[in-house]
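Pasting a predicted model and its sequence here:
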Amino acid sequence: MSKYNLLWEFVQRNGSQLIKLTFDEIHEIAGIKIDHSFLNYKKELIQYGYEVGKISLKEKSVIFNKIV
């Protein structure tokens, strides 16, 4: 079980084509703060039908795109 499973499940349940979440929202959903290890874990999201589209450090947000 990944430390980001709660986040991946949230994104999958949302079902939208594009989901934008702030780092704070991710912290609330996953129960952990996003850190550099997120880059290693993001490939797990493909199993849930999504991919990480963009990580914005300026906006402190992550965009998730549904895989078609």
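Sure, I can see it. Fair warning: this is a prediction, and the values are worked out from it, not measured in the lab.

How many neighbouring residues does residue 1 have?
Residue 1 has 5 neighbours, counted by other Cβ atoms under 10 Å. For the C-beta atoms, the positions are set from N, CA and C on the backbone; glycine is no exception.

per-residue confidence at it?
For residue 1, the pLDDT comes out at 75.

what's the answer for residue 68, then?
Per-residue confidence for residue 68 comes out at a pLDDT of 81.

Over to residue 26?
Residue-level confidence at residue 26 comes out at 97, pLDDT.

Point out the other helices and strands that the lowest-mean-pLDDT helix or strand in the chain packs with.
When the helices and strands of the chain are compared on mean pLDDT, DSSP states H and E, helix 38-41 comes out lowest with a mean of 94. When contacts are defined as 3 or more Cβ pairs under 8 Å, 6 or more residues apart in numbering; DSSP states H and E, helix 38-41 sits against none of the other helices and strands.
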